[in-house]
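J.: Only the shape, not the letters, is given here:
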Ligand SMILES: Cc1cc2nc3c(=O)[nH]c(=O)nc-3n(C[C@H](O)[C@H](O)[C@H](O)COP(=O)(O)OP(=O)(O)OC[C@H]3O[C@@H](n4cnc5c(N)ncnc54)[C@H](O)[C@@H]3O)c2cc1C
């Protein structure tokens, strides 16, 4: 029986590498035709240290992670394959996979869930008009398919995703009319925000979207101030929504694992022990699926979960890699932007009897 890794983003690819290096047979299942998850659409260079692929572009990091595993004899790769259900079966987990109108069942000794996250949406008047898009969709159109998604975009959300995608829109020759933010502070890194301000992009703080004007497609948006309720109309042909992500943990929930709402981790999450094991000890959860963070952390969690999973199968692993990866992960989270995630983790640890 193999270990099944679901999702070939940075977390899943790194988990595969740890397992394969420990001599474990792995089936990697990815619903997309490309390997790399979110990384394939990230054209910007990453921050951090050399170990965290600093100064490399996201899509190049994806290529490297794939090259590290793709020819391994213990790896079976299933692309364009969507995992639709997990069933608890005695000492194994039955994985139901849908591909090209067929269902396949795979018996797994362990499952590592690395399914990433889904984008949050907003309720407002006329929010079903074409050309209202999530940041992930607009990024895929531009950076994966080479399609110019619009001429003038209004961005909702000033977190890192809103800021980075705004910059990429400008690089593609698209005008970013404004960035709208409900809070009084910019959510993303100031280095990204400063770049946009220098390029003349206005930020509307303490404001939100009131409605979209247009029937066939977006023609303009009305923005409302949350302070004095004043309304501003901005002409544009697309609205991009970047208001956060929710962990995609639902497959694990089908096994009856314990979950809890933890705001700092992005909403409902699976309760995990220090080894990324859920209350169903054969099901591990890593990366954005376990709590919203970033690719560097997702990769390190993938490394660790793969190693812990291999240990649970009595395989020999490089223990120094566990120590080194834990140290890097702690260093990353102890920086100024890791505090929110650490608070989420504290809350998770406060829940008694996870397993
Ligand atoms: C615009 C943008 C900019 C970012 N910039 C940075 C940055 O500069 N630095 C940084 O560290 N992070 C950055 N991030 C965050 C980073 O991309 C994510 O945190 C990271 O990709 C999470 O990795 P993951 O492997 O958990 O999930 P993902 O990368 O989302 O991968 C999940 C994979 O699972 C697959 N999948 C999901 N469900 C199923 C299923 N049922 N069956 C089969 N396959 C499935 C998906 O298709 C996907 O390939 C950015 C994100 C965005 C959107």
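T.: Received, thanks. It should be emphasised that the depicted structure is a prediction, and the values quoted were computed from it without experimental measurement. Numbers count the residues shown, from 1 in each chain.

J.: Now do the strands in the stretch 51-200 of the chain.
T.: Under the criterion DSSP state E, counting those that start in this stretch, strands of the stretch 51-200 of the chain are mapped to 75-78, 82-89, 92-99, 102-113, 117-119, 132-134, 152-156, 175-180.

J.: in the stretch 251-355 of the chain, which spans are helices?
T.: Under the criterion DSSP state H, counting those that start in this stretch, the stretch 251-355 of the chain contains helices at 295-312, 319-333, 339-350.

J.: So which of those helices has the densest surroundings on average?
T.: helix 295-312 (a mean of 25; mean count of other Cβ atoms under 10 Å). In short, each C-beta sits where N, CA and C put it, glycine included.

J.: relative to helix 319-333, how tilted is that helix?
T.: 150 degrees (axes from the mean of the first three to the mean of the last three Cα atoms, to 10 degrees).

J.: what helices or strands is helix 295-312 leaning on?
T.: Judged by 3 or more Cβ pairs under 8 Å, 6 or more residues apart in numbering; DSSP states H and E, helix 295-312 is in contact with helix 10-21, helix 58-67, strand 102-113, strand 283-285, helix 319-333.

J.: quick one, which of these is nearest to residue 142?
T.: The stretch from the helices and strands packed on helix 295-312 with the least distance to residue 142 (Cβ to Cβ) is helix 58-67; that distance is 12.5 Å.

J.: So that closest one, near the ligand or not?
T.: No - applying Cβ under 6 Å from any ligand atom, one finds helix 58-67 separated from the ligand by no less than 6.7 Å.

J.: returning to what we had before: could the helices and strands packed on helix 295-312 go into CSV alongside distance to residue 52?
T.: Output for the helices and strands packed on helix 295-312, formatted as CSV (distance: least, Cβ to Cβ, whole Å):
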stretch, distance to residue 52
helix 10-21, 10
helix 58-67, 9
strand 102-113, 20
strand 283-285, 21
helix 319-333, 7
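
J.: Which one of those lies nearest to residue 274?
T.: Closest approach to residue 274 among the helices and strands packed on helix 295-312 (Cβ to Cβ): helix 319-333, 9.4 Å.

J.: Quick one: residues in contact with the closest one.
T.: With Cβ atoms under 8 Å, 6 or more residues apart in numbering as the test, helix 319-333 has contacts from 18, 48-49, 51-52, 296-297, 300-301, 303-304, 307-308, 338, 341-342.
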